[in-house]
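**Q** 3D, please:
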Amino acid sequence: MLEQMALFLSKFETMITLFCSFLLLLHPIHLSVSEINYSEKDKALQITSRIFIDDLETSIRKKLNQPELDILKPNAGQTTDQLVSTYINDHFKVKLDNKPQKLNYLGHEIEDAAIICYIEIEKVKKFKTIEVFNSIIQETHEDQSNLVHVTYKGPVKSLRLLRDKPVDILTFESK
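**A** Numbering: from 1, shown residues only. This next block holds a predicted model:
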């Protein structure tokens, strides 16, 4: 009887594991991670944003109404950087002390299933508040989470931006 019970539990655990794996495939994680670091030397905010390529491609396809678009190999004279830069400028914004900042898209690289975008905000001296708006992929996935980590004058501070709250503010003490 004990052996039958152990066999049943073993099969039950296997079934639960398979079921959870199946659910994960049906409901993947929708996440982007952006890091904003202040460079004292360059007097600039250096931003690195990691976004899943397939999610970004789906969002850009919808926006442009081009269901066959491949953002890594676009046609019609467009480049990946043009497509991604335009999208990011529409969906990622930064204000310092309530003043909108100009994002300079520097380029991208591919790492596994993600595209890593490099952005910079130049001529940054001091600021007390940073307001970040990040609605990347939120028009495509309701459960999209956009994590933003800011390093300025001390330890990292983080934000989690969602569809119903795509903007938030961090305050830094003067030193």
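**Q** Surely residue 123 and residue 43 touch.
**A** Yes. Contact status for residue 123 versus residue 43: in contact at 6.2 Å, counting by CB atoms under 8 Å. From N, CA and C alone the C-beta is placed, and that goes for glycine too.
**Q** who's more crowded, these two?
**A** Remark: of residue 123 and residue 43, residue 43 carries more neighbours, 13 against 10, as counted by other CB atoms under 10 Å.
**Q** Contact partners for the residue nearest to the more buried one when sequence neighbours are not counted?
**A** Of all residues not flanking residue 43 in the chain, residue 124 sits nearest, at 5.7 Å (CB to CB, 6 or more residues apart in numbering). Residue 124 makes contacts with 38, 43-45, 96, 101, as judged by CB atoms under 8 Å, 6 or more residues apart in numbering.
**Q** which element is the most centrally placed residue in the chain on?
**A** Central residue of the chain (CA atoms, centre = their mean): residue 32, 2.2 Å from the mean position. Here residue 32 sits within strand 31-39, counting by DSSP states H and E.
**Q** One more: residue 29?
**A** When elements are assigned from DSSP H and E, residue 29 belongs to no helix and no strand.
**Q** Could you give the number of residues near it?
**A** As a burial measure, the neighbour count of residue 29 was computed by other CB under 10 Å and equals 10.
**Q** Could you report the distance from it to residue 48?
**A** 19 Å (CB to CB, to the nearest Å).
**Q** Ok, residue 35 next?
**A** Look at residue 35 and residue 48: by CB to CB, they are 5 Å apart.
**Q** Any of the contacts of residue 124 buried? List them.
**A** Of all the contacts of residue 124 considered here, the ones buried according to neighbour count by 16 or more other CB atoms under 10 Å are 38, 44-45, 96, 101.
**Q** just the strands in the protein please.
**A** Taking DSSP state E as the test, the strands found in the chain are 31-39, 44-52, 92-96, 99-100, 104-111, 114-121, 129-134, 145-151, 157-161, 167-171.
**Q** Just put those strands in JSON lines and tack on distance to residue 82 and mean pLDDT.
**A** Listed next are those as JSON lines, based on distance: least, CB to CB, whole Å; pLDDT from 0 to 100:
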{"stretch": "strand 31-39", "distance to residue 82": "20", "mean pLDDT": "96"}
{"stretch": "strand 44-52", "distance to residue 82": "16", "mean pLDDT": "97"}
{"stretch": "strand 92-96", "distance to residue 82": "16", "mean pLDDT": "98"}
{"stretch": "strand 99-100", "distance to residue 82": "22", "mean pLDDT": "98"}
{"stretch": "strand 104-111", "distance to residue 82": "9", "mean pLDDT": "97"}
{"stretch": "strand 114-121", "distance to residue 82": "13", "mean pLDDT": "97"}
{"stretch": "strand 129-134", "distance to residue 82": "21", "mean pLDDT": "98"}
{"stretch": "strand 145-151", "distance to residue 82": "22", "mean pLDDT": "96"}
{"stretch": "strand 157-161", "distance to residue 82": "25", "mean pLDDT": "97"}
{"stretch": "strand 167-171", "distance to residue 82": "26", "mean pLDDT": "97"}
